[in-house]
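Novice: Build me a structure from this.
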Amino acid sequence: MQKISEYFGLETRSGCIWFYGFYTVASVLLLINMLIAQVL
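Specialist: Have a look, this model is predicted:
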């Protein structure tokens with residue numbers, strides 16, 4: 001587990017923000033796409 005966090009640079013705060021920010025944006029885009037699919 002430690003090796004994985006080192007690989008992604010999660011021990012640094014900027015690495016954590018980038019990592020979680022990326023997945024937050026991806027999940028929001030996925031939700032928007034699903035809403036558009038429901039409407040259309």
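
Novice: how close does Ile17 get to Leu30?
Specialist: 20 Å (CB to CB, to the nearest Å). Any C-beta I mention is one placed from the backbone N, CA and C, and that applies to glycine too.

Novice: no, scratch that, I was asking about Ala37
Specialist: Distance from Ala37 to Leu30, by CB to CB: 11 Å.

Novice: now Ser14
Specialist: 25 Å.

Novice: For the residue nearest the centre of the chain, pull up the helix or strand it's in.
Specialist: Centrality entry for the chain: nearest residue to the mean C-alpha point is Tyr23, 0.9 Å, by CA atoms, centre = their mean. Applying DSSP states H and E as the criterion places Tyr23 in helix 13-39.

Novice: how many neighbours does Ser14 have?
Specialist: Using other CB atoms under 10 Å, Ser14 has 8 other residues around it.

Novice: Leu30: how many residues sit nearby?
Specialist: Leu30: 10 surrounding residues under other CB under 10 Å.

Novice: same thing with Cys16?
Specialist: 14.

Novice: how close does it sit to Phe22?
Specialist: Going from Cys16 to Phe22 by CB to CB gives 11 Å.

Novice: Against Phe22, how distant is Thr12?
Specialist: Taking CB to CB, one finds Thr12 at 15 Å from Phe22.

Novice: just Ser14 next, same as before
Specialist: 12 Å.

Novice: What is the neighbour count of Phe19?
Specialist: Per other CB under 10 Å, the neighbour tally for Phe19 reads 14.

Novice: Next one: it from Leu29, what distance?
Specialist: 16 Å.

Novice: One more: Arg13?
Specialist: Between Arg13 and Leu29 the computed distance is 24 Å (CB to CB).

Novice: Check Phe22 too.
Specialist: Relative to Leu29, Phe22 is positioned 11 Å away (CB to CB).

Novice: One more: Leu40?
Specialist: Taking CB to CB, one finds Leu40 at 16 Å from Leu29.
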